[in-house]
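**Student:** Just the structure for this:
(chains A and B)
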Amino acid sequence: MNRHLISAEDLSRDDVVLILDTAEELASVADRPIKKLPTLRGRTVVNLFFEDSTRTRISFEAAAKRLSADVINFSAKGSSVAKGESLKDTALTLEAMGADAVVIRHSASGAPHRLAGWVRGSVVNAGDGTHEHPTQALLDAFTIRRRLRGHGQTGQALDGVRVTIAGDVLHGRVARSNVLLLSTLGAQVTLVAPPTLMPLAVGSWPCGVSYDLDSELPKSDVVMMLRVQQERMSAAYFPSVREYRRRYGLDAARMARLPDDAIVMHPGPMNRGVEIAADVADSPRSTIVEQVANGVTVRMAVLYLLLGGAELPAVTQ
Amino acid sequence: MMCAATSPAARQGLAVLDAEEIRRALTRIAHEILERTHGGEQAVLLGIQTRGVPLARRLAARIGEFEGIDVPCGSLDVTLHRDDLRLRPARALGRTELPASGVDGRIVVLVDDVLYSGRTVRAALDALNDLGRPRAVQLAVLVDRGHRELPIRADYVGKNLPTSQRETVRVLVAETDGTDAVLIDEKATTGGGRG
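**Tutor:** Next up, the predicted model:
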């Protein structure tokens, strides 16, 4: 593995399988009376969040604490960033404090990449602009593998699994990271969105594209619904919420078109009644709660593999 | 009974125990465990990843043959508790699997292939501490090669093998290596770390 985790594209198939296998072994820690391992004792993980994201931050925080790392939460609100400090100066401050890893969420695409050039520790991208969110894709792949292949299985990729990702692909970093990561694992990914919410460059992504959700559902082992962000709804990407729901929302009738063992995923937070109906979100096929638990496990695996070894691990090819 | 010393791995080193000797050593250890745990009713065998796991299973099967009891058997991966994690790149993890009976109040017998510095056993004791509170913990090893760096000693030993620190001891088990053998090799000249 590389020293940083910036893009799902940086991960080879073997890297991803190693992360998922490590997560599989770490999953049992959550069921123990003592949910803590001494592995990262004395290491410091800084959560550097320039954008609000409670669930991703606490997921990283829980993961680091279960491995006994010290966690420093740095949120842009009320910090010197609000007083105009640049990203570079913030980075140098963290460097001086001795951060072994920086988990960064930023509204600008590419911010983690810049940061990686300024700090000695590992940089983990926790979402940058409309670019990527690699740990979300890893936890989604882990959830798919556990549901479709069974708990405790290791060494396997996702060859031949058909994944449909529907919703706001244009603004969603989750979609891009998932397309890259799931295709690395051998899954066949199809993106479904209204033409206005499909990125122009999608033709160069390793996935299929469709504008019709109903025709894709019967051919899906996994359907992943992406959030339609409230702030986009007024921006003329689609005529009305009702119309979006009618064509792209997953309700019980649409779920019935899925194969019997297909699963329904959502990275959260959900707009119940917009992209996903409440009864679908709460159905046994939904993995939404599992995804949250798996998020902590997968992030533990990432932190262990980045920080658990020698100070300056040899870069593998 | 085994096609001993025919795999390529087995030809490289000097064999100090062959399949038949390993079988006899495990049979003796199984009897000793039964004696020292007063019939084995309270015993739980935990194999330390990776070679300790098949050895623990064989001991459990042996005890089952002798006394007709079903001794719970599991595996323990100690990677996350090791004290030398920072000396090497992050390692892949093995499976930790406790028997359904758990370890609380039981006599846990840790099983490993080679006892050397004692650091693996220390890590195993730490790992066990997070999993429950056994009534007692004992240690069974196939080979004790000496050179302890911690105050740890085995309760059951297959063979005491005086070695030099320049040598490495490898245990092959049929379950993962295709054959049973204990081999001793001269360590390659490069690399200062322990084998």
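**Student:** for the chain, what's the longest helix?
**Tutor:** I'll assume chain A. helix A:288-307 (DSSP state H).
**Student:** that's the wrong chain, I wanted chain B
**Tutor:** Counting residues, the longest helix found in chain B (DSSP H) is helix B:19-36.
**Student:** helix or strand right after it?
**Tutor:** Later in the chain than helix B:19-36, the nearest helix or strand by DSSP states H and E is strand B:43-48.
**Student:** Would the following helix or strand past that following strand count as contacting chain A?
**Tutor:** Helices and strands here follow DSSP H and E; after strand B:43-48, the next one along the chain is helix B:52-67. No - Helix B:52-67 stays clear of chain A (Cβ under 8 Å from any Cβ of the partner chain), getting no nearer than 13.8 Å. Where C-beta positions appear, they are placed from N, C-alpha and C, glycine not excepted.
**Student:** Can you give me the buried ones in helix B:52-67?
**Tutor:** By neighbour count with 16 or more other Cβ atoms under 10 Å in any protein chain shown, helix B:52-67 contains the buried residues B:Gly52, B:Val53, B:Pro54, B:Leu55, B:Ala56, B:Arg57, B:Arg58, B:Leu59, B:Ala60, B:Arg62, B:Ile63.
**Student:** Now the element after that helix, going C-ward?
**Tutor:** As assigned by DSSP H and E, the chain's next helix or strand after helix B:52-67 is strand B:73-76.
**Student:** And the contacts of that next one?
**Tutor:** The contact list for strand B:73-76 (Cβ atoms under 8 Å, 6 or more residues apart in numbering or on different chains) reads B:44-49, B:52-53, B:56-57, B:59-60, B:94-99, B:110, B:124, B:127-128.
**Student:** hang on, A:Gly152 is in a strand, isn't it?
**Tutor:** No - going by DSSP: H, G, I helix; E, B strand; the rest coil, the assignment for A:Gly152 is coil, not a strand.
**Student:** Now do the longest helix of chain B against strand B:43-48, angle only.
**Tutor:** 140 degrees (axes from the mean of the first three to the mean of the last three Cα atoms, to 10 degrees).
**Student:** Please identify the residues of the stretch 51-200 of chain A in proximity to chain B?
**Tutor:** Proximity of the stretch 51-200 of chain A to chain B (Cβ under 8 Å from any Cβ) is limited to residues A:Leu67, A:Gly152.
**Student:** Helices of the stretch 51-200 of chain A, start to end?
**Tutor:** Secondary structure of the stretch 51-200 of chain A (DSSP state H, counting those that start in this stretch): helices located at A:54-66, A:87-97, A:111-116, A:134-149, A:173-184.
**Student:** Just put the ones you listed in a markdown table and tack on mean neighbour count, distance to A:Ala293 and mean pLDDT.
**Tutor:** Below are the helices of the stretch 51-200 of chain A laid out as a markdown table (neighbours: other Cβ atoms under 10 Å in any protein chain shown; distance: least, Cβ to Cβ, whole Å; pLDDT from 0 to 100):
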| stretch | mean neighbour count | distance to A:Ala293 | mean pLDDT |
| --- | --- | --- | --- |
| helix A:54-66 | 20 | 10 | 95 |
| helix A:87-97 | 15 | 29 | 87 |
| helix A:111-116 | 21 | 25 | 94 |
| helix A:134-149 | 24 | 9 | 97 |
| helix A:173-184 | 24 | 18 | 96 |
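**Student:** what about B:Asn160, neighbour count?
**Tutor:** B:Asn160 has 12 neighbouring residues, counting by other Cβ atoms under 10 Å in any protein chain shown.
**Student:** So what does it have for phi and psi?
**Tutor:** The phi/psi pair for B:Asn160 (degrees, to the nearest 10) reads phi -80, psi 120.
**Student:** Now do it against A:Pro259, distance only.
**Tutor:** 61 Å (Cβ to Cβ, to the nearest Å).
**Student:** ditto for B:Lys187
**Tutor:** Distance, B:Lys187 to A:Pro259, by Cβ to Cβ: 56 Å.
**Student:** Which one's more surrounded, these two?
**Tutor:** Ranked by neighbour count (other Cβ under 10 Å), B:Lys187 and A:Pro259 place B:Lys187 first, with 14 against 11.
**Student:** Can you list the low-confidence ranges for the stretch 101-250 of chain A?
**Tutor:** Residue ranges of the stretch 101-250 of chain A with pLDDT under 70: A:231-235.
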